[in-house]
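Novice: From the sequence below, what's the structure:
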Amino acid sequence: MKNFILLCFTMASVFSFKCYAQQSKVNAADKKYDGYAYIDAIKTYERVARKGYKSEDMFKKLGNAYYFNSDFSGAAKWYGELFAMNPSPEPEFYYRYAQSLKATGQTAQANKIMDEFNSKYKDDNRGRLYRENANYMDKIKANSGRYNIEDAGINSPYSDYSTFVSNNKIYFASARDTGNFSNRKHKWTGEYFTNLYVTDVDSAKVKKFKTALNTKFHESSPVLTKDGKTIYFTRNNYLDGKKGKNEDKITFIKIYKATLENGKWTNIRELPFSSNNYSTAHPALSPDEKTLYFASDMPGSIGQSDIFKVSINEKGEYGTPKNLGKSINTEGKETFPHVSDENEIYFSSDGHPGLGGLDVFVGQIDPDGSISDIENLGADVNSPKDDFAYTIDTATRKGYFSSNKDGGRGSDDIYKFLETRRLKCAQELYGLITDEATGMILPGAKVSLFDRNLDLKKTFIADETGNYTFQVECDETYYVRAEKPDYNTKEVSIKIPDKTGKTNLPIALEPAKCKVAIGDDLGKCFGIKMIYFDLDKSNIREEAALDLEKILDVLNENPKMKLDIRSHTDSRASHKYNESLSDRRAKSTIEWLISNGVAKNRLTGRGYGETQLVNECADNVKCSEEKHQENRRSEFIITAL
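Specialist: Take a look at the predicted model:
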């Protein structure tokens, strides 16, 4: 029964189709069609078609009658007849035919029709999206398998849809038989008009929302403010017992507002931007309740229905509705918005590439209000039929959506779900900024994040604990630059994993100036942990000479400085061998410095072998190579300044 909302957006185009019927039965069917008696029209048109009559206009209307009632198998059949008569009808029929084919599993044929649509109507936004998402089925497959879904337990044999959860209660629309004498059926579907119902969360006991909000016509899509004192909802153009119509006697739908006073809903009034000449429907509040999102075909729309937003000021006054733009709206239908507290907008669309019918999508609301990164939620929620009215609690990842997918109880059913895996890969890059020589944390360090093209993305000042954090994209390469006065700036590259999680990147900064005193290890100023020699030898290696050049330079700049050079080994040879080897290495280091101009009386040193281990890795203790490395070290202890 959600069709009463969807269909109202298509009525204007329906009336533009002229009838070229060949006999009275077709004329009678046209009257039923134009009066929205689609069920009766289908029967008449089909009887005429079985007798061999063919008409483009009849096939259009017959296809539309099925399409508007979400019977995509019937729609595909009659749109096929249309294309057999005229291979180049209006662009809307290409898209509806493709949607109907997809909904019935004929994806290859649907894509063929979309290729033709795209080649003939290059300016249509739906064609652009199809071109840009040529492998959309692969993306939908990748986004699938993320939900546990089950019947919500509140469905009837009729249409149930469009939930809103407030104060542990579920409000929704239903066309179920309420059992009174004045039940009214809608001619489109043969079902009762929808009213608002309520039930406790996790309860199967459903009650009609017995307030003045419900009338003898349609109500749906309720949304309450957090304090529970204001409700927005969708209703036929009907207020104070009067049914509104436009000059063509069409009754559209509007968004209404009511307030709770003394336990009763009162002050029911339409919102000021509603009109007798177009529809507004499916209100959704932003988390701060300062913006109302809704669907409409009002002037300025791109397609059959677009998503708009309007501001609400502190006095409860409304601004001018604003179309959310072509990044989200297409020439098709975008409807049923829901805005989360994570700046995401969920909506249903038949204009973005999907599985057929309406699919549920999600987009990111950017700081400037534009919508980006739109993705199909996947084949758990979405199906070849209509899937819509998606809401989610971001804290629990639980929520509800509506669908007329196969296997339900009624024409539309409400499903509840648990999202077990987030759609978008989310990564946090974090780390600790420290002094390379001492390990001391460095609060206040400036940390900059650059993308793979070295374009600056964000900056962060390390907090009082020396930590920084960035929200980054998965499977991307970044460069992180850390800088602080009196330290050398350091830049490190990092590849972010392609799955949700956290990536740790600690950065140790080398001091630009090293303050030392007698007893300090001069080697720590330069991060020198060991002077490297070939195995079992004491000849200075080329890479070791670079570290000794640093020591030599400091000695030349500080002529009064004296050093005691100490060489240490791990415990994996005999005591005698280790002591002898380390002593030779200490003396080789001293000889290198003397040969490069340092006075002999400024240098002392010896080898200590394994006598001064810095950890537990003594003889017969099993240790890792990293642990043994800690004990293999060279020290340059300052003995005079």
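
Novice: Surely T503 is in contact with L429?
Specialist: Yes - contact criterion CB atoms under 8 Å: T503 and L429 qualify, at 5.1 Å. To be clear about C-beta, it is placed using only N, CA and C from the backbone, and glycine gets the same treatment.

Novice: Residues in contact with both of the two, list them for me.
Specialist: V472, I494, I496 (CB atoms under 8 Å, 6 or more residues apart in numbering).

Novice: can these go into JSON lines with extra columns for pLDDT, neighbour count and distance to W265?
Specialist: JSON lines is the format used below for these (pLDDT from 0 to 100; neighbours: other CB atoms under 10 Å; distance: CB to CB, whole Å):
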{"residue": "V472", "pLDDT": "92", "neighbour count": "20", "distance to W265": "47"}
{"residue": "I494", "pLDDT": "95", "neighbour count": "16", "distance to W265": "56"}
{"residue": "I496", "pLDDT": "93", "neighbour count": "19", "distance to W265": "50"}
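
Novice: For Y79, what are phi and psi?
Specialist: phi -70, psi -30 (degrees, to the nearest 10).

Novice: just the one 3 residues further on next, same as before
Specialist: Backbone dihedrals for L82, given as degrees, to the nearest 10, come out at phi -60, psi -50.

Novice: count of neighbours near it?
Specialist: For L82, the number of neighbouring residues by other CB atoms under 10 Å comes to 23.

Novice: for this structure, what spans make up the helices?
Specialist: Taking DSSP state H as the test, the helices found in the chain are 3-8, 11-14, 24-34, 38-50, 56-68, 72-85, 91-103, 107-120, 125-132, 136-142, 542-557, 575-595, 625-631.

Novice: most packed of those helices?
Specialist: Ranked by mean neighbour count, the helices of the chain are led by helix 91-103 with a mean of 25 (mean count of other CB atoms under 10 Å).

Novice: need the contact list for the nearest residue in space to S372 that is not next to it in sequence.
Specialist: Spatially, and ignoring its direct neighbours in sequence, S372 is nearest to Q364 (5.0 Å; CB to CB, 6 or more residues apart in numbering). Applying CB under 8 Å, 6+ apart to Q364 gives the contacts N343, E344, I345, I371, S372, D373.

Novice: Those, buried ones only, as a ChimeraX selection?
Specialist: Buried residues among these (16 or more other CB atoms under 10 Å), as a ChimeraX selection:
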select :344,345,371
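
Novice: circling back: among the helices of the chain, show the one with the smallest mean pLDDT.
Specialist: Among the helices of the chain, helix 11-14 carries the lowest mean pLDDT, a mean of 32.

Novice: Pretty sure T465 sits against A445.
Specialist: No - contact status for T465 versus A445: not in contact, 11.6 Å apart, counting by CB under 8 Å.

Novice: out of the two, which sits in the more crowded spot?
Specialist: Higher neighbour count among T465 and A445: A445, with 23 against 9, using other CB under 10 Å.

Novice: Can you tell me, leaving aside adjacent residues, what's nearest to S301?
Specialist: N323 (6.9 Å).

Novice: and what of P91?
Specialist: Y121 (4.6 Å).

Novice: pretty sure the one you found is touching E90, no?
Specialist: No - counting by CB under 8 Å, Y121 stays clear of E90, with 9.5 Å between them.

Novice: between these two, which one's more packed in?
Specialist: Neighbours per residue (other CB under 10 Å) separate Y121 from E90, with Y121 holding more: 17 against 14.

Novice: Check what pLDDT the more buried one gets.
Specialist: 80.

Novice: Please give the number of neighbouring residues around F252.
Specialist: F252, neighbours per other CB under 10 Å, totals 23.

Novice: count of neighbours near the nearest residue to it once chain neighbours are set aside?
Specialist: Closest residue to F252 apart from its sequence neighbours, by CB to CB, 6+ apart: S279 at 4.3 Å. Residue crowding around S279 was assessed by other CB under 10 Å; the count is 29.

Novice: now the one 4 residues further on
Specialist: By the criterion of other CB under 10 Å, P283 has 23 neighbours.

Novice: wait, what's in contact with K208?
Specialist: Counted by CB under 8 Å, 6+ apart, K208 has contacts T178, N195, L196, Y197, V198, N214.

Novice: What subset of those is buried?
Specialist: For the contacts of K208, buried by 16+ other CB under 10 Å: N195, L196, Y197, V198, N214.

Novice: Distance of the second one relative to K216?
Specialist: Relative to K216, L196 is positioned 13 Å away (CB to CB, to the nearest Å).

Novice: Please apply the same query to the third one.
Specialist: When CB to CB is the yardstick, Y197 and K216 sit 16 Å from each other.

Novice: Any idea what Q364 is bridged to?
Specialist: Beta bridges link Q364 to E344, S372, judged by DSSP bridges.

Novice: Just give me the residue right at the centre of this structure.
Specialist: K424 (5.0 Å; CA atoms, centre = their mean).

Novice: Test my guess that that one contacts S372.
Specialist: No - counting by CB under 8 Å, K424 does not reach S372; the two are 11.7 Å apart.

Novice: show me what contacts the residue nearest to the centre of the chain?
Specialist: With the criterion set at CB under 8 Å, 6+ apart, K424 makes contact with D373, E375.

Novice: thinking again about what came up before, looking at T503 and L429, which has the bigger crowd around it?
Specialist: Under the neighbour definition other CB under 10 Å, T503 and L429 were set side by side, and L429 has more, 21 against 17.

Novice: quick one: the more buried one and E473, what's the gap?
Specialist: According to CB to CB, L429 stands 10 Å off from E473.

Novice: what's the overlap in contacts for these two?
Specialist: I496.

Novice: which intervals of the stretch 151-300 of the chain have sub-threshold pLDDT?
Specialist: Confidence mapping of the stretch 151-300 of the chain against pLDDT under 70 gives the ranges 177-191, 238-249.

Novice: Show me where it has its strands.
Specialist: For the stretch 151-300 of the chain, the strands defined by DSSP state E, counting those that start in this stretch occupy 160-166, 169-174, 195-200, 207-208, 219-224, 230-236, 238-239, 242-243, 253-261, 264-270, 280-285, 291-296.

Novice: Test of understanding: give the bridge partners of K416.
Specialist: E150, Y400.

Novice: Kindly provide the distance from it to Y478.
Specialist: 39 Å.

Novice: more crowded one of those two?
Specialist: Shown here are K416 and Y478; by other CB under 10 Å, Y478 has more neighbours (22 against 19).

Novice: Am I right that the more buried one is in contact with S448?
Specialist: No - contact criterion CB under 8 Å: Y478 and S448 do not qualify, at 10.2 Å.

Novice: Show me the common contact partners of the two, please.
Specialist: Common neighbours of Y478 and S448 (CB under 8 Å, 6+ apart) do not exist.
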